[in-house]
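Trainee: Task: produce atomic coordinates for the following.
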Amino acid sequence: MAEVGGVVVMVMREWCRMRPFPAGQWTCRTLPWRSSTNGTCIPVDSPVAFGHREMPGQGIAGVEMAEMHELGTDTAPRRAEPSQRFGRRRGILATAMAGISTALSGIRVALADDGSVSPDAGTAPPGDLPATAASTAVVGSVDPGAMVRVSRPEMPTGPRRVGIQAGHWRMADIPDELRRLAGQTGTSAGGVAEWQVNLDIANRVASLLRDDGIAIDVIPATVPEGYLADVFLSLHADGDLSGTRRGFKAAHGTRRGPYEPQLVRAIVEEYGRVTGLPSNGEVSRNMTGYYAFGWSRLRSSVAPHTPAAILEMGYLTHPDDRAVLTGQAERVAGGIARGIRRFLEEVPAGVAFAEDLLVPPAPAWGRRPAW
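Mentor: Got it, this is the predicted structure:
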């Protein structure tokens, strides 16, 4: 559910395929009906944008709420429960369509829930980011007047802090807001489960960084609410049914702070140099839209000012990658630790928390409820 100009927007029931969005990276299709009675009708993982349905002859037939998908992904539509699909549709829909047709006239697509129309949007290094004031860092290319200000946090005291998340570890403990992830136990191959590899390497990285006097948190699938640290890095291992893909890849979120690109660069370069694993540039939307980055809509997420990234350390399903991840775990951990150390040297203590952030707004339906 969304609200535009005070009008509640119901989601169209039928599915349709839309024309590609800018750069041919996105397609758009309408979502199933959702109930209009509460603010939790659209799942938190549904990236939604407003768009016009384009008909033959370039005509416009109404305005719909639609789900955006990266071309080539196999994200399946979520089906609404019967109790959600039926009920008070007709009057609400008629009012909604009349209201938003005017409000959104001429708009091809608005911002998705993560504030962008592409997972690669706005990845310029920190030095290239425009600043509107000495105490404000602007993220992305949206007009600053339309941005949302996120106040800087209270400056942390004590040693520098790093959170290493072992992906898929302790999935049984996830909160209700992450229940959609309950079945995602990670990949497995060669008799090894992904969460075991992730946890083993996370603990090794933690040991190496503690030797440097850094405070370390080894974090399970559930991220502490508003987790604030100098670095947050989520560790995962990839999987491929064919068993032929290999290599590592790293990414940050789309509604990022100004230092995430620098963190990803440090991790990628140092990890590749130490492990000798090939770099795989096939960054997926599951990475850029990783739930731990969803601070605007999830409690189990990092704070906006926390430089955060996700690292797919290699393909557990490829024998060569698996041999490194399981047989040379200390080497893998060393590459990760070097990347984190490099970032901490490049970004002095307190710098990441010193300014307010200006970030693209999320639609009303995508904002975290005030529980």
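Trainee: surely residue 336 meets residue 248?
Mentor: No. Using CB atoms under 8 Å, residue 336 is not in contact with residue 248; the gap is 10.1 Å. (Each C-beta comes from the backbone N, C-alpha and C, glycine too.)
Trainee: Now list whatever residues contact both of these two.
Mentor: Common contacts of residue 336 and residue 248 (CB atoms under 8 Å, 6 or more residues apart in numbering): 271, 311, 313.
Trainee: Just those: which are in helices?
Mentor: Counting by DSSP state H, the shared contacts of residue 336 and residue 248 place residue 271 in helices.
Trainee: wait, which of the shared contacts of residue 336 and residue 248 is closest to residue 303?
Mentor: Proximity of the shared contacts of residue 336 and residue 248 to residue 303 (CB to CB) peaks at residue 311, which lies at 19.7 Å.
Trainee: Show me what the closest one is bridged to.
Mentor: Counting by DSSP bridges, residue 311 forms beta bridges with residue 235, residue 250.
Trainee: Now do the same contact list for it.
Mentor: For residue 311, the contact set (CB under 8 Å, 6+ apart) comprises 233, 234, 235, 236, 248, 249, 250, 267, 271, 336.
Trainee: any chance of those residues in TSV, with neighbour count too?
Mentor: Shown next, in TSV, are the contacts of residue 311 (neighbours: other CB atoms under 10 Å):
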residue	neighbour count
233	26
234	26
235	27
236	26
248	26
249	20
250	24
267	26
271	25
336	25
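Trainee: Name the nearest of the shared contacts of residue 336 and residue 248 relative to residue 152.
Mentor: Closest to residue 152, out of all of the shared contacts of residue 336 and residue 248 and judged by CB to CB, is residue 311, at 26.7 Å.
Trainee: Model confidence score at the closest one, please.
Mentor: On the pLDDT scale, residue 311 is placed at 99.
Trainee: what sits against the residue nearest to residue 347 when sequence neighbours are not counted?
Mentor: In space, and not counting its chain neighbours, residue 347 is closest to residue 259: 5.7 Å by CB to CB, 6 or more residues apart in numbering. The contact partners of residue 259, by CB under 8 Å, 6+ apart, come to 126, 307, 343, 347, 351, 352.
Trainee: my guess is the second one contacts residue 264, does it?
Mentor: Spelled out, that is residue 307. No. Assessed by CB under 8 Å, residue 307 is found out of contact with residue 264, at 9.4 Å.
Trainee: Run through the residues that contact residue 310.
Mentor: Residue 310 touches 233, 234, 236, 250, 251, 252, 287, 290, 292, counting by CB under 8 Å, 6+ apart.
Trainee: repeat that for 10 Å
Mentor: Residues near residue 310 by CB atoms under 10 Å, 6 or more residues apart in numbering: 165, 167, 232-236, 249-253, 264, 267, 283, 286-288, 290, 292-293.
Trainee: what's the answer for residue 293, then?
Mentor: With CB under 10 Å, 6+ apart, residue 293 has these contacts: 114, 223, 232, 234, 251-256, 260, 287, 301-302, 304, 306, 308-310.
Trainee: switch the cut-off to 6 Å
Mentor: Neighbour list for residue 293: 253, 308 [criterion: CB atoms under 6 Å, 6 or more residues apart in numbering].
Trainee: next one: residue 230
Mentor: 160, 161.
Trainee: Quick check: it vs residue 290, distance?
Mentor: Separation of residue 230 from residue 290 (CB to CB, to the nearest Å): 19 Å.
Trainee: Also residue 182?
Mentor: In terms of CB to CB, residue 182 sits 16 Å off from residue 290.
Trainee: Compare these two and say which is more crowded by neighbours.
Mentor: Shown here are residue 182 and residue 290; by other CB atoms under 10 Å, residue 290 has more neighbours (21 against 11).
Trainee: so residue 306 makes contact with residue 233?
Mentor: No. Using CB atoms under 6 Å, residue 306 is not in contact with residue 233; the gap is 10.5 Å.
Trainee: All the helices of the stretch 101-250 of the chain, in order from the start?
Mentor: Here the stretch 101-250 of the chain has its helices, by DSSP state H, counting those that start in this stretch, at 194-210.
Trainee: Tell me where it has strands.
Mentor: 136-138, 148-150, 161-166, 188-189, 192-193, 215-219, 231-238, 249-251 (DSSP state E, counting those that start in this stretch).
Trainee: ok, the contacts of residue 311 vs residue 219, which is closest?
Mentor: Of all the contacts of residue 311, residue 234 has the smallest distance to residue 219: 8.2 Å, by CB to CB.
Trainee: Assess the claim that that closest one and residue 165 are in contact.
Mentor: Yes. Counting by CB under 6 Å, residue 234 does reach residue 165; the two are 4.1 Å apart.
Trainee: Right, I'll call it a day here.
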